[in-house]
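Engineer: Here is a sequence together with a model predicted from it:
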Amino acid sequence: MKTAIWAVLALLLGLGAGWPDAVARERQHGIRPAGHAAHALHPQRGRASYYGSRFHGRRMANGRRFDRDSNAAASRSLPLGTRARVRNLENGRTAVVTIQDRGPRLRSRVLDVSPRIATQLGMREKGTAMVEITPLRTSRIDPG
């Protein structure tokens, strides 16, 4: 009931009226739209986590379904379709990911990766790791 009241109030105030859900979420959570120049091709550092298996088969921001055995990753700042090298700063392991989703939801994290990539990076047991994310290229067409 409270959700419906807030939805009606938001519509009356013009918050989100006429915006597609994805755009409204990006504005609400401060996510930069894909292709935003501010992402720059500079390395980022921060804490990464990985998607739980319950997300397998759910739709990602790019419209495709999440596959836990893929190289998918979620970033709030890098454009969809960007390939990036992720290096675990705690053990030196690396993996190449493709940004296919928005997230992570926790502000203290900069990246979510698939369980396969988490295993490759050696962070599966601990659940999170300090990483460095280096974009390799930016693509306007989402390759996969």
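Structural biologist: That came in fine, so what should we check first?
Engineer: What helices and strands are in contact with the longest strand belonging to the chain?
Structural biologist: Of all segments of type strand in the chain, defined using DSSP state E, the longest is strand 128-137. Counting contacts by 3 or more Cβ pairs under 8 Å, 6 or more residues apart in numbering; DSSP states H and E, strand 128-137 packs against strand 44-50, strand 83-88, strand 109-113. Every residue, glycine included, has its C-beta placed from N, CA and C.
Engineer: which element follows the longest one toward the C-terminus?
Structural biologist: Where DSSP states H and E defines the elements, the next helix or strand beyond strand 44-50 is strand 72-74.
Engineer: on contacts alone, who are the packing partners of that next one?
Structural biologist: With contacts defined as 3+ Cβ pairs under 8 Å, 6+ apart, strand 72-74 has these neighbours: strand 94-101, strand 109-113.
Engineer: what angle separates the last one from strand 44-50?
Structural biologist: This means strand 109-113. Orientation of strand 109-113 against strand 44-50 (axes from the mean of the first three to the mean of the last three Cα atoms, to 10 degrees) gives an angle of 50 degrees.
Engineer: Can you name every helix or strand that strand 109-113 contacts?
Structural biologist: Secondary-structure packing of strand 109-113 (3+ Cβ pairs under 8 Å, 6+ apart): strand 44-50, strand 72-74, strand 94-101, strand 128-137.
Engineer: Lowest average pLDDT across the ones you listed?
Structural biologist: Of all these, strand 128-137 carries the lowest average pLDDT, namely a mean of 93.
Engineer: Next, the angle strand 83-88 makes with that one.
Structural biologist: Between strand 128-137 and strand 83-88, the angle formed by their directions is 150 degrees, by the same axes, to 10 degrees.
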